[in-house]
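[1] this one's sequence-less:
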């Protein structure tokens, strides 16, 4: 996240109490325009490479794909 082109928050934490207190996630606050500019460029690159998934495509994905996604979701906390 970049705020006012000079403050950046970079890390794995979600902005909710569970993430702050229970999940032991970490983030880095960086105060500086150069880092904020580079992070903004990186965010724009990610958005340019993102693939849009509409609701119909999501509903019609294969059973194998759904199984893999659900297995990954279960294993996620262990990784």
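    It's in. In this text the structure is predicted, and so the values were computed from the model without any measurement.
[2] Who does the strand or helix carrying residue 29 pair with, and is each partner parallel or antiparallel?
    Counting by DSSP states H and E, the element that carries residue 29 is strand 27-31. Here strand 27-31 has these sheet partners by DSSP bridges: strand 7-11 (antiparallel).
[3] what separates residue 40 from residue 6, distance-wise?
    Separation of residue 40 from residue 6 (CB to CB, to the nearest Å): 11 Å. Bear in mind the C-beta positions are built from the backbone N, C-alpha and C, glycine included.
[4] list the buried ones in the helix or strand just after the strand holding residue 29?
    Next helix or strand after strand 27-31 toward the C-terminus (DSSP H and E): helix 33-49. For helix 33-49, the neighbour count (16 or more other CB atoms under 10 Å) marks 35-36, 39 as buried.
[5] For the helix or strand that comes right after helix 33-49, give the mean pLDDT please.
    Per DSSP H and E, helix 33-49 leads on to helix 55-59 as the next helix or strand towards the C-terminus. Helix 55-59 carries an average pLDDT of 91.
[6] re earlier: show residues contacting the strand holding residue 29.
    If you take CB atoms under 8 Å, 6 or more residues apart in numbering as the criterion, strand 27-31 is touched by 6-13, 36.
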